[in-house]
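In: All I have is the shape, not the residue letters:
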């Protein structure tokens with residue numbers, strides 16, 4: 001018969017949400033275990049761009065204005081929380097995580113007028129947004145080529161190496177993190193009684209006072225297994241484009257008349273002193289309806305328009321399809337905050353964005369308190385293996401294309 005292990009809180013999903021919640025709860029004295037069925041960072045966390053922003057790129061004019069303003073309001077406090085953590089003085093010590101850039105930029109290519117111009121001007125009212133007037137303060141990709149279209153704004157918000165954040169969150173409580181697959185979720189009277197876990201030849205039963213599921217796409221099956229009614233999740237497919245051997249670092253959002261950035265760019269260092277540019281925004285959303293070759297061609301044309309001095313045809317390109325799982329937001333533009341759905345002793349949770357991980361942890365802590373769950377069990381080592389940290393999308397590409 002399988003041995004049963006007991007914990008105060010069992011967390012499923014080793015992405016940014018699960019790891020942040022684990023750290024917060026362990027600091028509060030709870031005996032927690034985290035179960036990941038593949039690798040830490042999973043697909044969605046390591047596929048994000050690592051931008052810790054306060055919503056400045058949101059609330060653009062357009063049909064989704066009110067929704068975007070709601071998102072901007074709920075996300076505004078997140079950069080300060082992350083900043084303190086990255087300095088080692090916040091709720092979690094992330095001082096060993098790598099900051100790729102202390103700043104992000106927004107720029108408007110020449111020719112946009114009207115409401116988009118008003119939006120950019122309104123951002124100057126925020127202390128974290130500054131109009132960059134002197135060319136010697138431009139990012140190198142603009143400065144060295146002595147040209148930029150439109151206006152450039154600096155946001156004092158960090159961009160992080162996501163993998164280094166995952167490693168920092170894993171480091172302190174690694175003895176509570178395990179790898180296993182869910183074989184069965186046993187529910188009795190709307191409460192999860194135990195979960196049957198399998199890891200190769202090892203098989204155990206895990207019981208807990210509370211269960212927290214942060215498994216992204218996997219949350220859909222969990223919701224069905226525990227009997228949650230109604231729709232709790234939605235998918236937002238993206239086709240992120242990657243281009244490598246770019247000689248410049250850039251962390252920026254190109255603003256257009258669309259409520260979403262025309263393209264969001266992050267640069268990730270390579271060993272040959274060049275960068276992989278990881279392209280999001282409309283480039284990623286519009287690429288979903290295209291073949292990989294068409295998505296690359298569309299992204300290359302956009303880059304040629306924005307940075308005509310770079311020979312983009314000589315560089316190497318690849319795509320990543322991400323079927324991103326988010327909390328259901330009623331068909332709206334974007335979920336405007338983290339979300340949890342609860343039933344009995346279980347909570348299914350989504351941060352909606354990496355930036356929201358601290359706020360989601362607060363919501364889970366509030367729920368645990370409302371359930372009167374207090375530290376009870378003694379920490380016990382599980383008979384399961386340990387997961388490794390996952391890989392970035394560009395580290396897994398086998399066929400780069402010119």
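Out: Arrived safely. Predicted model, so just to flag it, every value in this text is computed and none were measured.

In: residue closest to the middle of this protein?
Out: residue 354 (3.1 Å; CA atoms, centre = their mean).

In: doesn't residue 48 make contact with that one?
Out: Yes. The criterion here is CB atoms under 8 Å, and residue 354 meets it with residue 48 at 4.9 Å. Where you see a C-beta, it was placed from the backbone N, CA and C, and this is true even at glycine.

In: By neighbour count, which bits of the helix or strand where residue 142 lies are buried? Give me those.
Out: Residue 142 belongs to helix 140-143 when elements are defined using DSSP states H and E. By 16 or more other CB atoms under 10 Å, the buried positions in helix 140-143 come out as 141-142.

In: ok, back up a step: what touches both of residue 354 and residue 48?
Out: residue 162 (CB atoms under 8 Å, 6 or more residues apart in numbering).

In: And the longest strand that the chain contains, what does it pack against?
Out: Secondary structure of the chain per DSSP state E: the longest strand is strand 233-246. Counting contacts by 3 or more CB pairs under 8 Å, 6 or more residues apart in numbering; DSSP states H and E, strand 233-246 packs against helix 219-226, strand 275-280, helix 282-286, helix 292-306, strand 316-327.

In: deepest of the ones you listed, which one?
Out: Sort the helices and strands packed on strand 233-246 by mean neighbour count, taking mean count of other CB atoms under 10 Å, and strand 275-280 sits at the top with a mean of 23.

In: Specify the angle between that one and helix 292-306 in degrees.
Out: Between strand 275-280 and helix 292-306, the angle comes out at 100 degrees (axes from the mean of the first three to the mean of the last three CA atoms, to 10 degrees).

In: residues touching the nearest residue to residue 182 once chain neighbours are set aside, list them.
Out: The shortest distance from residue 182 to any non-neighbouring residue, by CB to CB, 6 or more residues apart in numbering, is to residue 195 (6.0 Å). Residues near residue 195 by CB under 8 Å, 6+ apart: 10, 12, 182, 184-186, 205-206, 211.

In: Looking at those residues, which is nearest residue 30?
Out: residue 10 (10.6 Å; CB to CB).

In: For the closest one, list the residues it contacts.
Out: 32-33, 35, 195, 206, 208, 210-212.

In: Equivalent analysis for residue 295, please.
Out: With CB under 8 Å, 6+ apart, residue 295 has these contacts: 239, 241, 287, 319.

In: so what's the residue lying closest to it once chain neighbours are set aside scoring on pLDDT?
Out: Excluding the flanking residues, the one nearest residue 295 by CB to CB, 6+ apart is residue 287, at 3.5 Å. pLDDT for residue 287: 91.

In: Pretty sure residue 287 sits against residue 239.
Out: Yes. At 3.7 Å, residue 287 and residue 239 qualify as touching, with contact defined as CB under 8 Å.

In: shared neighbours of those two, anything?
Out: Shared contacts of residue 287 and residue 239 (CB under 8 Å, 6+ apart): 295, 319.

In: Could you report the neighbour count for the closest residue to residue 274 other than its chain neighbours?
Out: Nearest residue to residue 274 in three dimensions, chain neighbours excluded: residue 245, at 4.7 Å (CB to CB, 6+ apart). When neighbours are counted by other CB atoms under 10 Å, residue 245 registers 14.

In: what does residue 157 give?
Out: 24.

In: Then residue 4?
Out: Neighbours of residue 4 using other CB under 10 Å come to 11.

In: check contacts around it.
Out: Taking CB under 8 Å, 6+ apart as the test, what residue 4 contacts is 194, 204-207.

In: Select from those residues every entry located in helices.
Out: Secondary structure from DSSP state H places none of the contacts of residue 4 in helices.
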